[in-house]
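*Asks:* Need coordinates for the below:
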Amino acid sequence: MTEDTEVTEVKRRTRFQDITRQLRKNKSAMFGLTMMLTIVILCVGAPLFAPHGPHDSDLSRGLKPGFWSDDYLPGYYLGTDYLGRDLLARILYGGRVTLSVGFVALGFAVTMGIIMGMSSGYFGGWVDNVVMRIVDILFAFPALLLALVVAGTLGRGIDKAMLAIGIVYTPQMARVVRGAVLIIKETEYIEAEHAIGSSTLRIIFKHVLPNSLAPIIVYSTLMLATAILDAAALGFLGVGAQAPSPEWGLALSISRKYLVGGAWWAATFPGVAILLSVISLNLLGDGLRDALDPRLMGGAKL
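*Replies:* Next up, the predicted model:
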C-alpha cells in the first residue's frame, strides 16, 4: 500500500467517523433508525412473533377485538379481520410485501437515475438535452397518477407495482445525480485527472460517482418513505397487491368499510404500520441530510 493510498484510507475513516458521530447526536434520526429497524425485524421474523398464519381464517371469529376488550380471543392480540384472520400476523407478513415493493422500486429508481443523471451531467450536450427532456416529460405528471397509469397499462400485480413506482422515481433521482455531477466535474481534481490522461470510466467511477453518494444516500432514504406510501396507495386502489395478499394498502382498503360498524382495529392497525414506516424513514432521512451536509457539520469535509 502506497503512502497516498494510506492517506486516502485515513481520510475516509475520518469522514465516516465524523458522519457517524453527527448522526448519533441527532436524537430524532436515531429514533427513526431504531423504529425502522424494529419494523424490519418484526416483519422478517414474522413467524416468531405472530402465533398464527396470515391466511388462517375462521368466520366464527371474524372482526373480534384485541387485548383491549373483554371479548379478546387468546392469541389474537390485535384482533381479527372480517374473515377471522389474525390481524397481527397479517400486518407482519404484509410488511414483507409492502417493504419489498418499496426497496425493489427504490433499487430500480436509483440504478436508472444514476445512469441517466451521470450521463446527462458528465457528458452534457445532446445527451443532456435528450435525458432532461425525458425527465421533464415524466415530471409533468403527478407521481401517484403516473404510477397508476403505468400500473394500469402493465396490469395488476405486485411486480407491476414495483416497476411502476421505480419508473416514477427514476427522474427525481436522475436530477439529483445530475446536479451533483455538474458541480463535481468542474472541480480542480477532475481537471487534474483530465490533464494526466485518465480515462472517462476511471474518472466517473473513481471520483465522480463516489463524491456524488452523499445526496444519493439522503434522497434515497426519503424516497423510500414515499415509495412505501405509494406501494400502499396502489394496493389500496386495487392495482397493486391482490387478495389474499396481506399487503398493508390492500388490507386498509378492504377493512375501511368496517370502521362505521365499530370494528375500527381492522383498518386502523394497517394504517398505523404505514404511518410509522413513513415517519421513521423521514426522520432518518432528515438526520442523514444534516450529517452529510458539510455546512451543518462544523466544516467537516466529505
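*Asks:* Helices along the stretch 151-300 of the chain, start to end?
*Replies:* 158-184, 188-195, 200-203, 209-211, 213-236, 248-255, 265-292 (DSSP state H, counting those that start in this stretch).
*Asks:* Tell me which of those sits nearest to Leu42.
*Replies:* helix 265-292 (9.6 Å; C-beta to C-beta). Every C-beta, even on glycine, is put in place using the N, C-alpha and C of the backbone.
*Asks:* Name the residues of that closest one that are buried.
*Replies:* For helix 265-292, a neighbour-count test (16 or more other C-beta atoms under 10 Å) marks 265-271, 273-274, 277-278, 280-292 as buried.
*Asks:* next one: stretch 26-33
*Replies:* Asn26, Ala29, Gly32, Leu33.
*Asks:* now do stretch 121-133
*Replies:* Buried-residue list, stretch 121-133, by 16+ other C-beta under 10 Å: Gly121, Tyr122, Asp128, Val131, Met132.
*Asks:* which residue is nearest the middle of the chain?
*Replies:* Leu224 (1.5 Å; C-alpha atoms, centre = their mean).
*Asks:* next structured bit after the lowest-mean-pLDDT helix or strand in the chain?
*Replies:* Ranked by mean pLDDT, DSSP states H and E, the weakest helix or strand in the chain is helix 3-25, scoring a mean of 64. Next along the chain after helix 3-25, taking DSSP states H and E as the criterion, comes helix 27-44.
*Asks:* just checking, what packs against that following helix?
*Replies:* Applying 3 or more C-beta pairs under 8 Å, 6 or more residues apart in numbering; DSSP states H and E, one finds that helix 27-44 contacts helix 3-25, helix 87-123, helix 265-292.
*Asks:* got the angle for that helix vs helix 87-123?
*Replies:* 120 degrees (axes from the mean of the first three to the mean of the last three C-alpha atoms, to 10 degrees).
*Asks:* Looking at the helices and strands packed on helix 27-44, spot the one closest to Pro246.
*Replies:* Of these, nearest to Pro246 by C-beta to C-beta is helix 87-123, at 3.6 Å.
*Asks:* now the helix or strand following the closest one: mean pLDDT?
*Replies:* Counting by DSSP H and E, the element after helix 87-123 in chain order, helix or strand, is helix 125-139. Helix 125-139 carries an average pLDDT of 91.
*Asks:* now for helix 125-139, which elements pack on it?
*Replies:* Using 3+ C-beta pairs under 8 Å, 6+ apart: helix 125-139 touches helix 87-123, helix 158-184.
*Asks:* Take those helices and lay them out in a markdown table including distance to Ile39.
*Replies:* Shown next, in a markdown table, are those (distance: least, C-beta to C-beta, whole Å):
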| stretch | distance to Ile39 |
| --- | --- |
| helix 87-123 | 6 |
| helix 158-184 | 19 |
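*Asks:* Which one, of those, ends up nearest to Ala233?
*Replies:* Once the helices and strands packed on helix 125-139 are compared by C-beta to C-beta, helix 158-184 is nearest, at 9.5 Å.
*Asks:* ok now that closest one, how far from the chain's centre?
*Replies:* With C-alpha atoms, centre = their mean, to the nearest Å as the basis, helix 158-184 stands 12 Å off its chain's centre.
*Asks:* before we move on, what about stretch 85-100?
*Replies:* Centre to centre, stretch against its chain (C-alpha atoms, centre = their mean), the figure for stretch 85-100 is 17 Å.
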